[in-house]
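>>> sequence? don't have it. structure:
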């Protein structure tokens, strides 16, 4: 093959990878958007069905505890299976079935230990009456462990459309069962029970969608576990980091379990709203992980650096707008979705929204580091953030209440983001471009000032205001030359299945 022909073939392959990545983002972003809608339907529907801030607080605390364990199983297993499947597709079948067997054992052990530890966890949260609810949620942990191995196989094989379909199916069943049980008067136990039933039911279509895989190759249990264990540690630290503020609100501010439930209910509402930017962008991590894994596996440093810069830039573009709107319009945002009494958490949301922006960028940076074969580095960064969060929560939450817990999260996320940025630059010579950061902050700051200066009430007016400010944000970025025709071409090309040059 001539040099020119080889160059053309390489360019075509690069374009094909770009389209594949773009389609992956579209599929998973669509599924995650639907997941977000379904999750927020539950989050906004339960307070009305419960009719009590205290009950919503109990649900929020139990849901956050089980989510920590769920995400350990989901995040650690998906990334481990995806990495080994994407690095060598000929071993997809061997890796997948080894992972399934391993996860059945791990899931049952984790669920059993969690159920046994439920009284201790409830005692640490200052409310022994949570024990039975925690035990009911143990079913979710066991089922999620197996589900994660199946999703990891689809992700590593870049079958993003199947992964997206499973996510959408799961979201639909979960919302229907949880809201249905609460609506029938089964309370918090009904909502948690609906979640447990969903986790079991989704395993059937997940197995069916695996499809045919290459029968050859061999899988190493040592390799899989060796990569998985630090990812488990990283994910555990990550979701403890994300939930530590709520646990602090429940355990540190007041002594009465009932009063603590009320504060936890308010803070749960602020968390759901504040974590909207993170939820909106999390699909990026599922796409960038196998891309980085493959690039580092074949020693394509230039491609890996490009993935880092592009991923962080586009993620920050979305995150800054959402954080600015939620921070400036914290009260209207809470009243838009929740009963009026939840607006009491506006002070916490104003601080939590920018803190979660920093947290989301840190998660993307750590995902890139893990995908490049450095899961221990991601673990150490997240442990740093968790320790900083614990220190600030002990210092600020008892003194300042809900805003103190939110501030603790933001300060800890900033520390972890700085550390992850330094390490990304060290390994890839790439991070969010400095000029892009300045432009995004300028546009986001302008949106924040405009939103603060134009107070409105009522859902139609708030929705119109946010839509208008979103347009203003994009216009400002265009004027600052942060977004260009090339950016629009890439988005349109991903949606249409074509590359930016029209091929």
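Thanks, I have it. Nothing here was measured: the structure is a model prediction, and the numbers come from that model. Numbering: from 1, shown residues only.
>>> roughly how far apart are residue 70 and residue 143?
Here the distance between residue 70 and residue 143 works out to 9 Å (Cβ to Cβ, to the nearest Å). Using the backbone N, CA and C atoms, a C-beta is placed for each residue, glycine as well.
>>> Could you do residue 59 as well?
Here the distance between residue 59 and residue 143 works out to 19 Å (Cβ to Cβ).
>>> Show me which of these two is the more surrounded one.
Using other Cβ atoms under 10 Å as the criterion, residue 59 and residue 143 rank with residue 59 on top: 28 against 23.
>>> So the more buried one sits against residue 47, correct?
No - under the criterion of Cβ atoms under 8 Å, residue 59 lies out of contact with residue 47, with a separation of 9.1 Å.
>>> List the buried residues of the helix or strand containing residue 418.
If you go by DSSP states H and E, residue 418 is part of helix 402-428. Of the residues in helix 402-428, those buried under the neighbour-count criterion (16 or more other Cβ atoms under 10 Å) are 402-417, 419-421, 423-424, 427-428.
>>> Now the element after that helix, going C-ward?
Once helix 402-428 ends, the next helix or strand along the chain (criterion: DSSP H and E) is helix 434-453.
>>> I'd like the average pLDDT over that next one.
Model confidence over helix 434-453, given as mean pLDDT, is 95.
>>> counting contacts, what elements does that helix pack onto?
Counting by 3 or more Cβ pairs under 8 Å, 6 or more residues apart in numbering; DSSP states H and E, the packing neighbours recorded for helix 434-453 are helix 301-328, helix 459-479.
>>> Lowest mean pLDDT among the helices and strands of this protein, which one is it?
Confidence across the helices and strands of the chain bottoms out at helix 283-297, with a mean of 55, counting by mean pLDDT, DSSP states H and E.
>>> Assign residue 255 to helix, strand or coil.
Taken by DSSP: H, G, I helix; E, B strand; the rest coil, the conformation at residue 255 corresponds to coil.
>>> The closest residue to it other than its chain neighbours: neighbouring residues, count only.
Setting aside the residues directly before and after it, residue 255 is nearest to residue 126 in space (Cβ to Cβ, 6 or more residues apart in numbering), at 7.5 Å. By other Cβ under 10 Å, 16 other residues sit near residue 126.
>>> contacting residues for residue 126?
250, 251, 255, 257, 260 (Cβ atoms under 8 Å, 6 or more residues apart in numbering).
>>> pretty sure the first one is touching residue 260, no?
Yep, that's residue 250 we're talking about. Yes - when contacts are counted by Cβ under 8 Å, residue 250 is listed as touching residue 260 (5.1 Å).
>>> any residues in contact with both of those two?
With the criterion set as Cβ under 8 Å, 6+ apart, the overlap between the contacts of residue 250 and residue 260 is 57, 126, 127.
>>> Just name the lowest-scoring one in the residues you listed, pLDDT-wise.
Within these, residue 126 has the lowest pLDDT, namely 90.
>>> For residue 311, see how far away residue 327 is.
Distance from residue 327 to residue 311, counting by Cβ to Cβ: 24 Å.
>>> Leaving out sequence neighbours, find the closest residue to residue 55.
Nearest residue to residue 55, sequence neighbours excluded (Cβ to Cβ, 6+ apart): residue 188, at 5.7 Å.
>>> Quick check: mean pLDDT of stretch 173-193?
So the average pLDDT for stretch 173-193 ends up being 96.
>>> That one: end-to-end distance?
The first and last residues of stretch 173-193 sit 12 Å apart, counting by Cα to Cα, to the nearest Å.
>>> Tell me which residues of it come out buried.
Within stretch 173-193, the residues scored as buried using 16+ other Cβ under 10 Å are 173-175, 177-179, 181-182, 187-193.
>>> Does anything pack onto the helix holding residue 418? Which helices or strands?
Judged by 3+ Cβ pairs under 8 Å, 6+ apart, helix 402-428 is in contact with helix 221-252, helix 257-274, helix 301-328, helix 346-371, helix 375-400.
>>> quick check: angle from it to helix 221-252?
Relative orientation of helix 402-428 versus helix 221-252 (axes from the mean of the first three to the mean of the last three Cα atoms, to 10 degrees): 160 degrees.
>>> sorry, back to before: will you turn the shared contacts of residue 250 and residue 260 into CSV that also has distance to residue 163 and secondary structure?
Below are the shared contacts of residue 250 and residue 260 laid out as CSV (distance: Cβ to Cβ, whole Å; DSSP: H, G, I helix; E, B strand; the rest coil):
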residue, distance to residue 163, secondary structure
57, 33, helix
126, 39, coil
127, 37, coil
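>>> quick one: which of these is nearest to residue 339?
Taking Cβ to Cβ as the measure, residue 339 lies nearest residue 57 of those, at 13.6 Å.
>>> shouldn't that closest one be in contact with residue 258?
No - counting by Cβ under 8 Å, residue 57 sits too far from residue 258 to count as a contact (9.3 Å).
>>> These two: which is more packed in?
Each of residue 57 and residue 258 has its neighbours counted (other Cβ under 10 Å); residue 57 has more, 30 against 11.
>>> Contact partners for that one?
Residues in contact with residue 57, defined by Cβ under 8 Å, 6+ apart, are 250, 260, 261, 262, 263, 264, 265, 266, 267, 268.
>>> Let me have these in JSON lines, adding pLDDT and neighbour count as columns.
Supplementary listing: the contacts of residue 57 in JSON lines, determined by pLDDT from 0 to 100; neighbours: other Cβ atoms under 10 Å:
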{"residue": "250", "pLDDT": "95", "neighbour count": "26"}
{"residue": "260", "pLDDT": "93", "neighbour count": "23"}
{"residue": "261", "pLDDT": "95", "neighbour count": "25"}
{"residue": "262", "pLDDT": "95", "neighbour count": "20"}
{"residue": "263", "pLDDT": "96", "neighbour count": "22"}
{"residue": "264", "pLDDT": "96", "neighbour count": "30"}
{"residue": "265", "pLDDT": "96", "neighbour count": "26"}
{"residue": "266", "pLDDT": "96", "neighbour count": "26"}
{"residue": "267", "pLDDT": "97", "neighbour count": "30"}
{"residue": "268", "pLDDT": "96", "neighbour count": "28"}
